[in-house]
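**Q** Output the structure for:
(chains A, B, C, D, E, F and G, ligands or ions: 2)
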Amino acid sequence: MTALSLSLLVPWAAGLLLVVLDGRRRTVGWLGAVTLAATIAVLGLLAADVLRDGAVEMVTGGWPAGVGIVLRADALGVTFALLSCIVLLAAACAETLLGVGQRTVPGLLVLLAAGLNGLFLTGDVFNFYVFFEMSMIAAYVLTGYGGGRAQLRAAVIFASVNLLGSFIFLLAVAGTYRVTGTLAMDDVAERIREVPPNAAIAVAVGFFVAFSVKLGLFPFHYWLPTVYADTRPSVAAVLSGAVANIGAYGLLRFGPGVFAEQIRLSATVLVVLGAASIVYGGVLAVARRRPAEMLAYSAIGQVGYVLVAVGVGGPVGFAAAVLYSVVNALNKALLFLTTAVRGPLVAGAFVVGALSVAGVPPAVGFVGKLAVFRSAVDAGSPTLVVLLVVGSALSLLYLFLVYQREFWAEEDRDAVTDAETRDTAPARGVSRRVPVVVLAVLLLAGGLWPEPLVAVSAAAADVLTASTNGAGP
Amino acid sequence: MMSVVLDVAGGVLLVVGLLLLTIALVGVLRMPGTYSQLHAQGLATGPGVICVLASSIATENAATISYAAIGIVFTVLTSPVAAHAIARAARRRGAGGDPR
Amino acid sequence: MIGIVLRVVVLAGLYLLVVSSVKLGDVAIGLVLASLVVAVGHRRRAASRSDSSTVRRLAGVPALVGGTLVDVVTSSAEVIRCCLRGPPDPGLVRLPTGPTSPSSFAAWGVRLGITPNTVVVDLDEERGELLVHVLDAHDPDGVRAEQAAAYQSRQRRVFP
Amino acid sequence: MEGAEAERPGSSRSRRPDWPGWSCCAAAAAGFAVCLVGWLRGGGTLSLPWVPSLDLRLSFAFDGLAALYSLLATGVGVLVFAYGTRYLRQHLVEDGRPLSEGRRFWPWMGLFAVAMVGLATATDLVLVFVFFDLTAVCSYFLIGFDRERREARTAALTALLVTIVPAVALLVGAVLLYSAYGTFAIPELVARVGPGTTTTVAGLLIAVAALAKSAQVPLHFWLPRAMQAPTPVSAYLHSAAMVAAGVLVLGRVHPLLARSELVLVVLLVVGLTSIAVGGVLALGRDELKQVLAYSTISQYGYVVTLYGMVGAAAAGAAAFYVVVHAVAKSALFLSAGAVTTATGEDRLSRLGGLGRRTPVLAAATGVAAATLAGLPLTGGFFSDELFFGAAKEHGPVLTVASVLAAGLTFAYIGRYWTRLFLGPLSTAPGALSRVLLVPVVVLALVAVVIGIVPSPITALAQDAGAVSHAAPVTLSPAYHLDLRGTNVMALAAWALGGLLLAAAGLRDRASRLVATAGDRLGPRRAYTATVIGLRRVSDRLHDWETRDLRSSIAAVLVPAGALAVGAFAVTPVTQAFAVGPIAGTDWLVLPLLVLVGVATLVAARTRERLGIVLALAAVGFGLAAVYALRAAPDVALVAVLVETMLSLVFLAALARLPGTEPHREHGRRRGQRWRDPLVAAVSGLGAFVVIWGYLSEPRETPSVAAEQARLAPAAHGQDVVTVIVADFRGLDTMGEITVLLIAAVGVATLLRRGRLW
Amino acid sequence: MSGVPLLVVVAALVWVTVLVIVGVLALLRGRDVLQRLIALDLLAVLVVALLALLSYLRDVPHYLDAAVALTLLSFVATVAAARYLATGGPLE
Amino acid sequence: MTLATAAAAALLFGAGSYLLLQRSLVRVVAGIALISQCAIVTIIGSSLSQGRAPLDPAEGGPLSDPLPQALALTALVIGMGTLALLLALVHRVVVAHGTAERDELRDVDRPGRDEVVRQEGDETE
Amino acid sequence: MTDPETPPGPTVIVRVVARLLLAPSVVVAVALIVKGYTKVGDGFAAGMVVGLAVALNAVAVGAHRAEAALPVLRHAPHAAVGGAFVALASGFFPVALGEPVFSHRPGPDEEVVSVGTAELMTAVSFDVGIFLLVVGVVTVLVHQLAEPDQEPPT
Ligand code: NA
Ligand code: NA
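**A** Ligands and ions are numbered 1, 2, ... in the order given. Sure thing, here's the model as predicted:
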């Protein structure tokens, strides 16, 4: 319980302090990184508890569940919290090493971690919304980081679209309370079964739209390429590696976790949308020259795999969805971070990331792809399998096209480098490459010894299947 | 006895207040120029709302009456300022006078 | 000094009105709070007026309030007429106030503002002049005289 | 690369031996020795848990098949690496590149050898997939070693795509088998799998991966392109290792494949087609390495054909064939590299008569060519004999086909050797380093040794064939001076080959015809067209996708509205929607809602900025009144305050905006005028359906709110709302004010560079 | 409400609501922004009246909190808007 | 009342959507403001009981549902924060781009695709 | 009389009234917090009342002069962050005791010490934190909006 409270308190308190300090000072940047590392440590302790003894639960004020807010750390939540904090730490280190250009960045990153932790560790629908907004508002500010025209434009688009999504989410929360009389997820999951289908589906649609927007699923994806491509690389890493987790987690938590029946009914829609994302994102990424833009479309395609896995469902599907979300977040964080630095080590890191995205061993991505294929085969749909294969073919193509252009044929590239987004020349100091290299090593290590990741995602899927079964007759 | 007096006074104040509000609204709709409309508006934001708040005496609820009293004091202080600010803006824009 | 005490009392009263309670604890809190607020606000004030002048001004308050109330009633009647029939001859009138203090200006403004038949359009602090819009401006001198009289009888004692 | 410590060609340090290369070479030699000992000791298995949650194990078996391919990979590796130490230096010097670039070469070569051994020994399907892809990744970097050249980059990418994407089929096949039989372990699968659709599909999928890797038609086109790689890469990857990985996998899972007739037929068809296509195209190629590449396609066609035949003889023959081909083909590649290094030319048409100037090379190359052609006294004779023997068992069609195939081989390799070494000298060769020559000679000697003493290789092939056949295999290659069937077939093949060699016109025309047809209709063209088409479609879609804010928003609203309306359409409607009771102050709420509605429309229609703000304020104050009437005084109070604050912020922000609002939406096509109202209507309708839908189904009891009201006194509060805000749900409030603080910080970040004051 | 008949208060509430509707018409009809500003100010006053009446009706002071807040501070927006119109910036 | 609340909320949402689709960034912000009002109206409309203001529950009698009120308070505050931020953002964008119309914000200084393709050749042919 | 064309300074009427309302606003705000747990009002509403009074002063005389006249305003960022910490501490102090967060003291069965209407408990200190934060944030917002940097940051 203490670990659960601390996982909120540590980044929250530190973030509130850091955000008023001058983050351009190196010390402050490192303080932010240290805070994130401490948060990861706390989450690690929490994860150990969770994996050993099952979910850790706490109701605020010690009131009965529902009266107070239920905070619950289970395998699913802790996995996503850890993942997001790791990505944030990488981004914070990368920024600090490159030199933070704006006072509030370290503090915002830490507050973002606080918001995300809260969101992943809450068992209350409205509390989820609050932490969601807390994370998002930090993300809006971060998107404008740099303050160039491109970043500001990205921030406006990001903020407008996601605010719309947030309010749709809020509408769904209101509906949840109206039809169930409670906000605690467990109770909602139980009571939603007695709710007439039209109302339950209406609420579920709201949640689905909100998370799809966040995730950038086709056809809700329009905002994503501009934002990811125009914002700073480290911010893009944060958006795609940490903030987008909200969408994946939300789909899992609210889909099989709460609206189990509705998700079963709409499995086909999910799979179709997921497949469309895979193909659409993949095809659009193929001809993108700017690495960041390619990565943005790649992100659209990659989240399609998650949706497909959710749609397929069952222990295999949910585990695949969790696993793929984790892998994808790490991939995207690494790849976006590589766009800010250059050098042979970075090239190597990019390759690791590219292989991971394409699902090629020894990078960890292949474990994710294996899991997704398992769920597709379980679904017994050859079309789906073919689509997944096409998706990985496309990802291989677009990633290595860009790789060759960026790291092999340097003289070609410089001619069309977009000076606007790459406002400074790619940094060359060795220390600046440390974050990407560490992430790449992480991806490789995950591919060589995937057991922890697979076990955790299986445990996370157990959480969901347990609630699904609990919701069954 | 006191209660009846308060009730009657409150009722009268309420009716007067509502009348003032109504007339003010009519005035705002009918008056041609911004300044003139401000006069009508002043009828509502000043005497009108004060009467309505003052009618609280009929409730004989100490808390309600005290709140109404605060409201009256603040109204007296703030509504002239708002009208003045609007009038001044109208003058700056040369848009205050009545069309003749 | 009386001015300060007065301010404290008024604020404490306001506090008690808002919490709608006259418990001893509330009175204590109200007084402490009011003193604090007055202290913070007072530190920057220049020389405060003498107690005798404060008393004199206080004595004028009933006249100010009552007179203004009367003005409000009569002017409301005029405005009601205009609202229903249309304004006879609306126009701007310059109203000399003489060089006077900010608080007096404010009092002018509030007094003229709360009576609906006058709208303070603009003012000139240096020259001591108000620009007032009235509904019947065919006799500007009459308006000026009327307002001067009102100032003399009601406002001058409180806000010279 | 940073050039700071780069070695410049001709500098004193360039004389230093190529340590990374030589250490790779030594490692390969050691590996060879270990493998040899391992094989002689009878092999063994190793199985460690890897990912228990997914039933993945690190299962290795050093059986005959593993031994054969490991020995091949390490053995040929020793020679190629040695050759490479010299070749690479010369290559870099010629290109004017720093020698330090060699650092990008050897790690991949070494890793490739390791991956190949791993692949040879792996007996878990997922592990096989891992090593399979690992070889492809290594090959990508080796083919793209000359990365400044566009052709090299293109070739690398093609090889990567064409080998890795089909490899996914292997993974899918593995998953398919796993879901049916619950294991990834090949031995267990062999024990469990019976014939059936799953087996057929999985077999086909695995075959696709293997065939693509072995450059079989129609996925062969990556290999000729891959000749962009430096010669040691071609000599290693494209003769003994990478390409062999495909047939290795076929050999490994052959017992599974053999359970499906369809798979075998596919193997036969693909194998024979590849022999023909590869052979005919090899007949007409001009570039040295191109000839060899098409030859490889053709030669692995033999092996695939053998796997399609099934039977002890075929399995053994396939194994034998792989060894002999690897030896001969790597020799040929190394020789081609030596020729090009010595002469600077890489085309048959510009070369000729080199025999007299480089007799040793000519002889060694001749032995290798003879091996390929299956002439006696070379290992090739036996491999052909075994091939013919297996074909003979499978009927007249295969018999004829095998003879035709061997004839084709004889012809193109004969053309190659004669063009290169006979006739008048075209380009004079420079000095040839011994390091470049010795490996060719050694490989030629090996070929001859096999041709004279085939028994070691026979034993190896028997062991390997036993794995593929899942039963003991006996091979007895030997010279028989009689007219038995295989000898007749060999004679016929040589005759046919000689004829083709002589009839240059017919030969060239046929080759050109096939080449043209291939260019027009072939898979390579399809591949290129696909990629180009894909990029065109990508660009088209990208242009069409106007990613401004407006479309971003519309792209949320329209699908959301559609989903909502769709959900409405599929759920029961009767009695699902309630008008709801109206009582007491509700009658006052209704007109206020009308007020809010009117103000909303005003806000939407007003052009003047201040007008919008005022309309928003009207909406806000109207709603505050609604909240009050719904008995929510706390909300009414806060709503009034928030609305006031928002108006102020709005005004302050507006004050600094330049320009005025556009009066008309200029420059829009006629159809677009209705777009915004339409989208708004759709989303409004969606919102209506959703909101009305759930408001119509209120939860009866119990609600947590009742519980909260009951517990509020325990929390020392009378105002339940404030108790909820400060106590029950205080965490929400903490989050909320943090949002507020972050907003302020954000405003500061945007407006004053993050300074709060 | 003790004395004044409930009916009167209810009637007053209804009447004020009607006035609110008319106030919106004024907001709509306003020829220029200034007149809309006046209408908005009027609307705020009507809401004050409404809240007061609601308090009388329910015989609780709660709704007057919002009314007092409106009288105390809602004119901030009016003044700011007026200054915006006069000078282009409410905070300079 | 159910229908009326739903209709009002939907109108707010629809009008908000319409504003979001406009060219002027100011109107985009206004659209977000309307949609946030829609959410809050809906929250209040989601109350499960009607009655006295939820002050002093011990008094007895039906009470209006306090929970949606608390949620509405939180949502109001969050809405204010986000809108303030959005306004500041719009302000910065306008300063940086010199226009309040977002159509002109499209594709900041980016090479056209044709140009790119011409320089590119094709890695895949 | 000032010419309509010249940019007008702040009107003395607005100025005086704005200044006059400041003290009552603070008093009302404190009252709102104090009675918040029993009646309408809470820390947020209180903070907004004071914040708006500050904003009114900024509107009346210009943000710059308002800040010069009320040097206290300079501490707005401290109030904001300090308030956040007060609130955070009020909510999270139970962590140190091994209890769930927002376990306020006095607990459900314990006596509350009251001074008049004011109850002395951590829930109220949480409200005070909110109050401080809101006042700080609103003041900072007004300050920011009054004089933004016009040149883009580098
Ligand atoms: Na007046
Ligand atoms: Na309260």
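**Q** Please, which helix or strand holds the residue in chain B positioned nearest to ligand 1?
**A** Nearest to ligand 1, among the residues of chain B, is B:Gly42, at 3.7 Å (Cβ to the ion). (Each C-beta comes from the backbone N, C-alpha and C, glycine too.) Using DSSP states H and E, B:Gly42 sits within helix B:34-43.
**Q** in what helix or strand does A:Leu76 lie?
**A** Using DSSP H and E, the element containing A:Leu76 is helix A:75-98.
**Q** near chain F at all, whatever helix or strand comes next after that helix?
**A** Counting by DSSP H and E, the next helix or strand C-terminal to helix A:75-98 is helix A:105-121. No. Judged by Cβ under 8 Å from any Cβ of the partner chain, helix A:105-121 and chain F are separated, with a smallest distance of 11.9 Å.
**Q** Checking my notes, C:Val121 in a strand, right?
**A** Yes. Assessed by DSSP: H, G, I helix; E, B strand; the rest coil, C:Val121 belongs to a strand.
**Q** List the contacts of it.
**A** C:Val121 is in contact with B:Tyr35, B:His84, B:Ala87, B:Arg88, B:Ala90, B:Arg91, B:Gly96, C:Leu92, C:Leu131, C:Val132, C:His133, counting by Cβ atoms under 8 Å, 6 or more residues apart in numbering or on different chains.
**Q** what's the answer for C:Ala150, then?
**A** Taking Cβ under 8 Å, 6+ apart as the test, what C:Ala150 contacts is C:Gly67, C:Asp71, C:Arg111.
**Q** So which of those residues reach chain D?
**A** Among the contacts of C:Ala150, chain D is touched by none when using Cβ under 8 Å from any Cβ.
**Q** For chain E, give me the ranges with low pLDDT.
**A** When residues are selected by pLDDT under 70, those of chain E lie in E:1-4.
**Q** swap in chain F?
**A** Using pLDDT under 70, chain F drops low at F:99-125.
**Q** what helices or strands is whichever helix or strand G:Gly83 is part of leaning on?
**A** Here G:Gly83, judged by DSSP H and E, is contained in helix G:76-92. Judged by 3 or more Cβ pairs under 8 Å, 6 or more residues apart in numbering or on different chains; DSSP states H and E, helix G:76-92 is in contact with helix A:2-18, helix D:730-752, helix G:122-146.
**Q** Secondary structure, pLDDT and distance to D:Val642 added to the contacts of C:Val121, as TSV?
**A** Compiled in TSV, those are given as follows (DSSP: H, G, I helix; E, B strand; the rest coil; pLDDT from 0 to 100; distance: Cβ to Cβ, whole Å):
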residue	secondary structure	pLDDT	distance to D:Val642
B:Tyr35	helix	91	32
B:His84	helix	92	26
B:Ala87	helix	92	28
B:Arg88	helix	90	27
B:Ala90	helix	89	28
B:Arg91	helix	88	31
B:Gly96	coil	69	32
C:Leu92	strand	90	38
C:Leu131	strand	91	36
C:Val132	strand	92	36
C:His133	strand	92	34
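**Q** which of these lies closest to chain D?
**A** Ranked by distance to chain D (Cβ to the nearest Cβ), the contacts of C:Val121 are led by B:Ala90 at 13.4 Å.
**Q** what about the closest one, distance to chain C?
**A** Applying Cβ to the nearest Cβ, to the nearest Å, the value for B:Ala90 to chain C is 8 Å.
**Q** Output the contacting helices and strands for the host helix or strand of A:Thr226.
**A** Under the criterion of DSSP H and E, A:Thr226 resides in helix A:223-230. In terms of contacts (3+ Cβ pairs under 8 Å, 6+ apart), helix A:223-230 is packed against helix A:149-180, helix A:291-312, helix D:549-570.
**Q** Secondary structure class of the residue of the stretch 101-250 of chain A found nearest chain G, three-state.
**A** In the stretch 101-250 of chain A, the residue that lies nearest chain G is A:Gly147 (4.5 Å; Cβ to the nearest Cβ). Following three-state DSSP, the label given to A:Gly147 is coil.
**Q** count of residues packed around it?
**A** Neighbours of A:Gly147 under the rule other Cβ atoms under 10 Å in any protein chain shown: 21.
**Q** picking up where we left off before, quick one: residues in contact with the helix holding G:Gly83.
**A** Taking Cβ under 8 Å, 6+ apart as the rule, helix G:76-92 contacts A:5, A:8-9, A:12-13, A:16-17, A:20, D:730-731, D:733-734, D:737-738, D:741, D:744, D:756-757, G:101-102, G:104, G:122-123, G:125-126, G:128-137, G:139-140, G:143.
**Q** Looking at that helix now, give me its mean pLDDT.
**A** Computed over helix G:76-92, the mean pLDDT rounds to 95.
**Q** now swap in stretch A:91-108 and tell me
**A** 91.
**Q** Who are the contact partners of G:His143?
**A** Going by Cβ under 8 Å, 6+ apart, G:His143 touches D:Trp757, G:Ala63, G:Glu67, G:Leu73, G:Ala76.
**Q** So which of these sit within helices?
**A** G:Ala63, G:Glu67, G:Ala76 (DSSP state H).
**Q** of those, closest to chain C?
**A** Nearest to chain C among these, with distances taken as Cβ to the nearest Cβ, is G:Glu67, at 13.1 Å.
**Q** How about the closest one, nearest residue that isn't a chain neighbour?
**A** In space, and not counting its chain neighbours, G:Glu67 is closest to G:Leu73: 5.0 Å by Cβ to Cβ, 6 or more residues apart in numbering or on different chains.
**Q** what number of residues lie near that neighbour?
**A** Counted with other Cβ under 10 Å, G:Leu73 comes out at 22.
**Q** so what's it up against?
**A** Taking Cβ under 8 Å, 6+ apart, we find G:Leu73 in contact with G:Val54, G:Ala66, G:Glu67, G:Thr139, G:His143.
**Q** nearest to A:Val56, of those?
**A** Of all these, G:Thr139 has the smallest distance to A:Val56: 40.0 Å, by Cβ to Cβ.
**Q** hang on, isn't that closest one packed against G:Gly51?
**A** Yes. At 6.3 Å, G:Thr139 and G:Gly51 qualify as touching, with contact defined as Cβ atoms under 8 Å.
**Q** When those two are compared, which one has more neighbours?
**A** Legend: neighbour count by other Cβ under 10 Å for G:Thr139 and G:Gly51, higher for G:Thr139 (31 against 28).
**Q** helices or strands up against the longest helix along chain F?
**A** In chain F, with assignment by DSSP H, the single longest helix is helix F:66-97. Contacts defined by 3+ Cβ pairs under 8 Å, 6+ apart place helix F:66-97 against helix A:125-143, helix A:149-180, helix D:633-654, helix D:704-711, helix D:720-723, helix D:730-752, helix F:25-45, helix G:122-146.
**Q** is any part of that helix close to ligand 2?
**A** No. Figure legend: helix F:66-97 not in contact with ligand 2 (Cβ under 5 Å from the ion); closest approach 9.6 Å.
**Q** Okay, angle between that helix and helix A:149-180 too, please.
**A** Note on geometry: by axes from the mean of the first three to the mean of the last three Cα atoms, to 10 degrees, helix F:66-97 and helix A:149-180 are set 170 degrees apart in direction.
**Q** distance between helix F:66-97 and the chain's centre?
**A** With Cα atoms, centre = their mean, to the nearest Å as the basis, helix F:66-97 stands 8 Å off its chain's centre.
**Q** now stretch D:696-709
**A** Mean-position distance between stretch D:696-709 and its chain equals 55 Å (Cα atoms, centre = their mean).
**Q** just the helices in the stretch 251-400 of chain D please.
**A** Secondary structure of the stretch 251-400 of chain D (DSSP state H, counting those that start in this stretch): helices at D:261-284, D:288-309, D:312-343, D:354-357, D:359-373, D:379-393, D:396-421.
**Q** The closest residue to A:Leu217 other than its chain neighbours: neighbouring residues, count only.
**A** Closest residue to A:Leu217 apart from its sequence neighbours, by Cβ to Cβ, 6+ apart: A:Ser277 at 5.2 Å. Using other Cβ under 10 Å, A:Ser277 has 29 neighbouring residues.
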